[in-house]
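Undergrad: no sequence on this one, just coordinates:
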């Protein structure tokens, strides 16, 4: 069968057309060069309007092409007084030469003043935005959110977005804070068995060190909160502790050691260091490296309609601090250290639990899930109102720490 010349030309034309359109660039309103990427959002109470919203915008580094890196090393913070988050974004769009894009937002910061007034409206707005990823972190700042963002200067990272993304990971080896994502916060907010909480943030500077000066002894480090740690550095943000909510309103704060107790009770603990007074010598301390030996076992009983909560903790500890006079290899000394560590941590967990129940009335450990099965119907559970009754709880804590000697000086 013979193919006509005109048919061959038609096929060739179609193929050339396909290749031409496939290789041509696409330039529209969503082109990457026309987008302004937001890496952080801060929410404060406005002076002349309902809301003051701050946007930290990533600025592409002009020298990145020369170094072979596509990462940005600079950012700028713009603050806008507005009536809502969406109107603030519209106002920023009218000001910038590029369209605002929230798909790279890594952290949302609420100031304490704003959080005390309730954040439900902002929370639902953020969750409803298809550009904001559910894995961005939620921070409550002890200072204004705008000031927090303006003092965010990555020390070991070139990119602000990367810095915000990895900073909460310190919880994996300090337990002084915990990574809290937007999806987790929103889920806890809508859960009848638990309350929500967020990362506690602040700006560390010489002026804030005085707030920690009244803390003494072995508790000086762990009992600090964000912006209280005695780190000699230029002003920069830090995350230490948790912000605890009752409903959509901020109820209070947890220090580093209280956050550690929360992670132990809630089975979030990976590893951490704890410093306790030495049972062998006065005015000396012993540092231990802790990890969960077994999962913490929590049980909840209703006694005269009040929650009775038992917590059984099993930990393994390694001794970190030693000197030439230390004799931790003797079994008697190990046993004495175990007993002292058990008593010390038990007291800290008791203090933490009674603070969440009596002072904050906020079940951030999710004890409600251990008692919900006692109710026959959903209406019975709702009528009991666990989150309100948590303030009537009383506790029994049992801590068992198995102490081993140091990593290099092995036990005999």
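TA: In hand now; what should we look at? Remember, predicted model here, so these are calculated numbers, not experimental data.
Undergrad: which residues sit against the longest helix anywhere in the chain?
TA: Using DSSP state H to define each element, the chain has its longest helix at helix 331-354. Helix 331-354 is contacted by residues 254, 257-258, 261-262, 264-265, 274, 276-277, 279-280, 286, 288, 309, 311, 313, 315, 317, 319, 327-328, 393, 395, 397-405, 411 when judged by CB atoms under 8 Å, 6 or more residues apart in numbering. Glycine gets a C-beta too; all of them are placed from N, C-alpha and C.
Undergrad: What lies in contact with the next helix or strand after it?
TA: Later in the chain than helix 331-354, the nearest helix or strand by DSSP states H and E is helix 378-384. With contacts defined as CB under 8 Å, 6+ apart, helix 378-384 is touched by 192, 372, 375.
Undergrad: Now do the buried residues in the longest helix of the chain.
TA: Buried residues in helix 331-354, counted by 16 or more other CB atoms under 10 Å: 333-334, 337-338, 340-342, 344-346, 348-350, 352-353.
Undergrad: Out of those residues, which comes closest to residue 151?
TA: residue 352 (29.6 Å; CB to CB).
Undergrad: Please determine how far that closest one is located from residue 110.
TA: Distance, residue 352 to residue 110, by CB to CB, to the nearest Å: 23 Å.
Undergrad: So what pairs up with the closest residue to residue 145 other than its chain neighbours in the strands?
TA: Spatially, and ignoring its direct neighbours in sequence, residue 145 is nearest to residue 42 (3.0 Å; CB to CB, 6 or more residues apart in numbering). Counting by DSSP bridges, residue 42 is bridged to residue 54, residue 109.
Undergrad: Find the residue ranges of the stretch 201-350 of the chain scoring beneath the pLDDT cut-off.
TA: Along the stretch 201-350 of the chain, the model assigns pLDDT under 70 to residues 205-222, 226-235, 322-329.
Undergrad: which residues touch the residue nearest to residue 145?
TA: Contact analysis of residue 42 by CB under 8 Å, 6+ apart lists 53-56, 77, 79, 108-111, 141, 144-146, 148-149.
Undergrad: Report the next helix or strand after the host helix or strand of residue 387 in sequence order.
TA: Element membership of residue 387 [criterion: DSSP H and E] is helix 386-389. Later in the chain than helix 386-389, the nearest helix or strand by DSSP H and E is strand 394-404.
Undergrad: Sheet partners, orientation included, of that following strand?
TA: strand 306-319 (parallel).
Undergrad: tell me the angle of the strand it pairs with relative to helix 331-354?
TA: Here strand 306-319 runs at an angle of 140 degrees relative to helix 331-354 (axes from the mean of the first three to the mean of the last three CA atoms, to 10 degrees).
Undergrad: Could you list the buried residues of strand 306-319?
TA: Buried residues in strand 306-319, counted by 16+ other CB under 10 Å: 307, 308, 309, 311, 313, 315, 316, 317, 318, 319.
Undergrad: name the element the residue most central in space within the chain belongs to?
TA: Nearest to the mean C-alpha position of the chain, by CA atoms, centre = their mean, lies residue 179 at 3.1 Å. According to DSSP H and E, residue 179 maps onto no helix or strand at all.
Undergrad: Touching, it and residue 137? I think so.
TA: Yes - at 6.3 Å, residue 179 counts as touching residue 137 under the criterion of CB atoms under 8 Å.
Undergrad: Confirm for me that residue 319 is in contact with residue 290.
TA: No - here residue 319 does not reach residue 290: they are 11.2 Å apart, not a contact under CB under 8 Å.
Undergrad: shared neighbours, the two?
TA: When CB under 8 Å, 6+ apart defines a contact, no residue borders residue 319 and residue 290 alike.
Undergrad: Neighbours of residue 94, how many?
TA: Residue 94 has 7 neighbouring residues, counting by other CB atoms under 10 Å.
Undergrad: Could you pull up the mean pLDDT of the helix or strand harbouring residue 38?
TA: Taking DSSP H and E as the criterion, the element that holds residue 38 is strand 35-45. Averaged across strand 35-45, the pLDDT comes to 92.
Undergrad: Surely residue 115 forms part of a strand?
TA: No - assigned with DSSP: H, G, I helix; E, B strand; the rest coil, residue 115 falls outside any strand and is helix.
Undergrad: Nearest residue to it in space, ignoring adjacent ones along the chain?
TA: Leaving aside its chain neighbours, residue 115 sits nearest to residue 250 (3.8 Å; criterion: CB to CB, 6+ apart).
Undergrad: Contact partners for the closest residue to residue 355 other than its chain neighbours?
TA: With CB to CB, 6+ apart as the criterion, residue 355 has its nearest non-adjacent residue at 6.9 Å, and that residue is residue 258. Taking CB under 8 Å, 6+ apart, we find residue 258 in contact with 241, 242, 348, 351, 352, 355.
Undergrad: and the first one, what helix or strand is that in?
TA: Remark: residue 241 resides in strand 236-246, with elements defined by DSSP H and E.
Undergrad: for that strand, packing partners?
TA: helix 112-116, strand 197-204, strand 249-254, helix 256-265 (3 or more CB pairs under 8 Å, 6 or more residues apart in numbering; DSSP states H and E).
Undergrad: how about that strand: buried residues?
TA: Residues of strand 236-246 classed as buried by neighbour count (16+ other CB under 10 Å): 237, 238, 239, 240, 241, 242, 243, 244, 245, 246.
Undergrad: Look up which residues are beta-bridged to the second one.
TA: Counting by DSSP bridges, residue 238 is bridged to residue 202.
Undergrad: Repeat that for the last one.
TA: In this structure, residue 246 has the following beta-bridge partners (DSSP bridges): residue 249.
Undergrad: Is it in contact with residue 194, as I believe?
TA: No - if you go by CB under 8 Å, residue 246 and residue 194 don't touch, sitting 11.7 Å apart.
Undergrad: show me the contacts for residue 403.
TA: Applying CB under 8 Å, 6+ apart to residue 403 gives the contacts 288, 317, 318, 319, 334, 337, 338, 341.
Undergrad: can you redo those residues as CSV with distance to residue 118?
TA: CSV is the format used below for the contacts of residue 403 (distance: CB to CB, whole Å):
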residue, distance to residue 118
288, 40
317, 41
318, 44
319, 46
334, 51
337, 47
338, 46
341, 41
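Undergrad: re the thing from before, of the contacts of residue 258, closest to residue 385?
TA: Of all these, residue 355 has the smallest distance to residue 385: 20.9 Å, by CB to CB.
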